[in-house]
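A.B. asks: Could you work out the structure for the sequence below:
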Amino acid sequence: MPIDSDNIVIVGAGQSGLAAAHAALEQGLRPLLLEASDRAAGSWPRYYDSLALFSPARYSSLPGLPFDGDPERYPRRDEVVAYLERYAAALIERGAELRTGARVEAVHAAGEPGTSGFLVRLAGGQELTAPAVIAASGSFGRPHRPALPGLDAFTGPVLHVADYRSPASLPGERVVVVGAGNSAVQVAHELATDSATGRRVTLASREPIRFVPQRPLGRDLHFWFRLTGFDRLPLARADNPPASPVLDDGRYRQALREGGYARRSMFARLDGDHALWPDGERERVDAVLLATGYRPNLSYLTGLGALDDDGGHPRQRRGLSLTHPGLGYLGLEWQRTPSSNTLRGVGADAAHVVGMLARHLRGAPQRS
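C.D. replies: Alright, predicted model coming up:
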């Protein structure tokens, strides 16, 4: 099965995969995007209904196609989906190939150990070969469910935020939301202010919530990120990325202060339909929502030997594999900079990773 020297397979056609395809075209490569779902929008169509970008449209576009409309607005979920589909269509016009419904089951080395090239096996049995592969499959498909005491025996519904769409998704009057990040606070606020239910909502977290004003000195925080260079701050390693603070326009902190929802230290355990809090209080709970993040969704690389001993994280530096020349990654949290796993930052990562892979394909040494 011949391997074309200018072909590159990209696993995933969300924001990271599309940015990779753009960078590949800029390098004169022929990108093939393999997307498991039926559309080129990644995980965005499956996020909760009220989700909006944390950065204004001005700072939230992929390379080569800015968001239209008011540049200071915060695009909602469905706007982002439509934008990504427009971006994919533009890439196809330029020569990129997109295959939807193409779930990658495994990636293997195509030749003997130490040689270049990969064999990509799809769920339907089809096999493809390529000299370079970019894993841009994100993390939405692998929600993190921590081993909290009593969680598995809890008698009420337990949802991860990946399965949450709106307040109607979660029954019950007493809800515990586990987490202290943006999604946890936004969903807790939404549940608490839903006039149809009048829920009692408690945020349970190991650390206090860290609020950051969304518009300090009258300008969006991302204006200051751009001005100071924070978004381009290089990182030596990203094995243990710091927790992100909650961007607040004032309503979340105010609602917490006024008792719209409560925040408590993590419960000691769940017991049946009750939570036992550290102060000894025992409280009935109807439902638990886990806003506990995600892990890289890279199970198709397990047989390649590209992941760490736990099989959860890639062995990589700044998006380039430490185990297999020709293998790259995009969309990892804090991969190269604080903005790596965002619409505003993944384009720069894609240019770096694809540029290094292009050097590899042309026989030049890669630099990290």
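
A.B. asks: Any buried residues in stretch 72-88, and which?
C.D. replies: Residues of stretch 72-88 classed as buried by neighbour count (16 or more other C-beta atoms under 10 Å): 74-75, 77, 79-81, 83-85, 87-88. (Glycine included, C-beta is placed from N, CA and C.)

A.B. asks: need those in JSON lines with pLDDT, can you?
C.D. replies: Shown next, in JSON lines, are the buried residues of stretch 72-88 (pLDDT from 0 to 100):
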{"residue": "Tyr74", "pLDDT": "93"}
{"residue": "Pro75", "pLDDT": "95"}
{"residue": "Arg77", "pLDDT": "95"}
{"residue": "Glu79", "pLDDT": "96"}
{"residue": "Val80", "pLDDT": "96"}
{"residue": "Val81", "pLDDT": "97"}
{"residue": "Tyr83", "pLDDT": "97"}
{"residue": "Leu84", "pLDDT": "97"}
{"residue": "Glu85", "pLDDT": "97"}
{"residue": "Tyr87", "pLDDT": "97"}
{"residue": "Ala88", "pLDDT": "98"}
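
A.B. asks: any chance you could map the helices in the chain?
C.D. replies: Applying DSSP state H to the chain gives helices spanning 15-26, 77-93, 182-193, 221-228, 251-257, 346-361.

A.B. asks: and Asp68, which of these is closest to it?
C.D. replies: helix 77-93 (8.5 Å; C-beta to C-beta).

A.B. asks: now for the closest one, which elements pack on it?
C.D. replies: With contacts taken as 3 or more C-beta pairs under 8 Å, 6 or more residues apart in numbering; DSSP states H and E, helix 77-93 sits against helix 15-26, strand 30-35, strand 97-100.

A.B. asks: Any chance you could list what contacts stretch 251-259?
C.D. replies: Counting by C-beta atoms under 8 Å, 6 or more residues apart in numbering, stretch 251-259 makes contact with 185-186, 189, 192-193, 209, 211, 246, 261-263, all of which sit outside it.

A.B. asks: ok, now stretch 279-291?
C.D. replies: By C-beta under 8 Å, 6+ apart, the residues outside stretch 279-291 that reach it are 143-146, 151, 154, 156-161, 164, 170-179, 181, 183-184, 187, 191, 270-271, 273-277.

A.B. asks: for that stretch, what is the average pLDDT?
C.D. replies: Averaged over stretch 279-291, pLDDT sits at 96.

A.B. asks: Then stretch 223-236?
C.D. replies: Taken as a whole, stretch 223-236 has an average pLDDT of 70.

A.B. asks: ok so, going back, could the contacts of stretch 251-259 go into TSV alongside distance to Gln126, neighbour count and pLDDT?
C.D. replies: Converted to TSV, these look like this (distance: C-beta to C-beta, whole Å; neighbours: other C-beta atoms under 10 Å; pLDDT from 0 to 100):
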residue	distance to Gln126	neighbour count	pLDDT
Val185	43	26	95
Gln186	40	23	94
His189	46	22	94
Ala192	48	23	92
Thr193	48	16	89
Ile209	47	19	93
Phe211	49	15	93
Val246	44	20	90
Tyr261	49	23	93
Ala262	52	14	95
Arg263	50	17	96
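
A.B. asks: and the helix-or-strand element of the chain with minimal mean pLDDT, how far out from the chain's middle?
C.D. replies: None of the helices or strands of the chain scores lower by mean pLDDT, DSSP states H and E than helix 221-228, at a mean of 77. With C-alpha atoms, centre = their mean, to the nearest Å as the basis, helix 221-228 stands 22 Å off its chain's centre.

A.B. asks: and if you look at stretch 320-339?
C.D. replies: 14 Å.

A.B. asks: What residues sit buried inside it?
C.D. replies: Buried residues in stretch 320-339, counted by 16+ other C-beta under 10 Å: 320-321, 324-339.

A.B. asks: so what's Gly150 closest to, chain neighbours aside?
C.D. replies: In this structure, Gly150 finds its nearest non-sequential neighbour in Leu270, 3.4 Å apart by C-beta to C-beta, 6 or more residues apart in numbering.

A.B. asks: The one you found and Asp279, how far apart?
C.D. replies: According to C-beta to C-beta, to the nearest Å, Leu270 and Asp279 sit 16 Å apart.

A.B. asks: Same drill for those two, tell me which one is more crowded.
C.D. replies: Counted by other C-beta atoms under 10 Å, Leu270 and Asp279 do not tie: Leu270 has more neighbours, with 22 against 8.

A.B. asks: Okay then, goodbye and thanks.
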